[in-house]
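S.K.: generate coordinates for the sequence data below:
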Amino acid sequence: MKLRLFLTALLLTVITCPLIRAEGGGATPLEKEMKTMNKAFKQLKKQAADASQNASSLTLVAQMAKAADTATSLVPAKAADLPEKDRAAFTASYQAKLKDFSAALAKLEAAFKAGDNAGATKLLTDLGNLERADHKEFRKPQD
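M.R.: Okay, here's the model as predicted:
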């Protein structure tokens, strides 16, 4: 009897776990754009110093710029946790920071076009610092 009860509970767990994960596990549109930027950023860090990779680097910068442009029109999930009176200021600050990030991407693109890989590497370091600071401010803490 105990074995039958255990097996039934195990079967129900196996059946319902994928359903629970599918409901809560979906990424928001903003998370998708940020993942696109992160993937390109990681690849850029690996190849930025190599001048023979500049064409590929420019493609990655363009991907990041497109994702940043799309992300500017989206609202971080953290905004929903804020009081209504603070949401507009939070969203405006988020959009301003993303515009600063886009401006830094334009400088990075110019560096790659000019063949200044040392400057591009420094700009990538600055972008990484900017990313960490902005994530602390705008990203919802993960449970």
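
S.K.: who's in contact with stretch 31-40?
M.R.: By Cβ atoms under 8 Å, 6 or more residues apart in numbering, the surrounding residues in contact with stretch 31-40 are 27, 60-61, 63-64, 67-68, 70-71, 74. Yep, even glycine has a C-beta here, placed from its N, CA and C like the rest.

S.K.: which stretches of this structure have low pLDDT?
M.R.: Low-confidence segments of the chain (pLDDT under 70): 1-26, 143.

S.K.: which residues in it form helices?
M.R.: Remark: helices assigned in the chain by DSSP state H are 2-24, 29-47, 54-72, 84-114, 117-138.

S.K.: returning to what we had before: among the contacts of stretch 31-40, the buried ones, what's the ChimeraX command?
M.R.: Buried residues among these (16 or more other Cβ atoms under 10 Å), as a ChimeraX selection:
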select :60,61,63,64,67,68,70,71,74
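
S.K.: between the contacts of stretch 31-40, which is nearest residue 139?
M.R.: Within the contacts of stretch 31-40, the smallest distance to residue 139 is 12.2 Å, found for residue 71 (Cβ to Cβ).

S.K.: need the nearest residue in space to the closest one, chain neighbours excluded.
M.R.: Closest residue to residue 71 apart from its sequence neighbours, by Cβ to Cβ, 6 or more residues apart in numbering: residue 33 at 4.2 Å.

S.K.: what's the residue nearest to residue 30 when sequence neighbours are not counted in contact with, if anything?
M.R.: Using Cβ to Cβ, 6+ apart and skipping the chain neighbours, the partner closest in space to residue 30 is residue 74 (4.3 Å). Applying Cβ under 8 Å, 6+ apart, we find residue 74 in contact with 28-30, 33.
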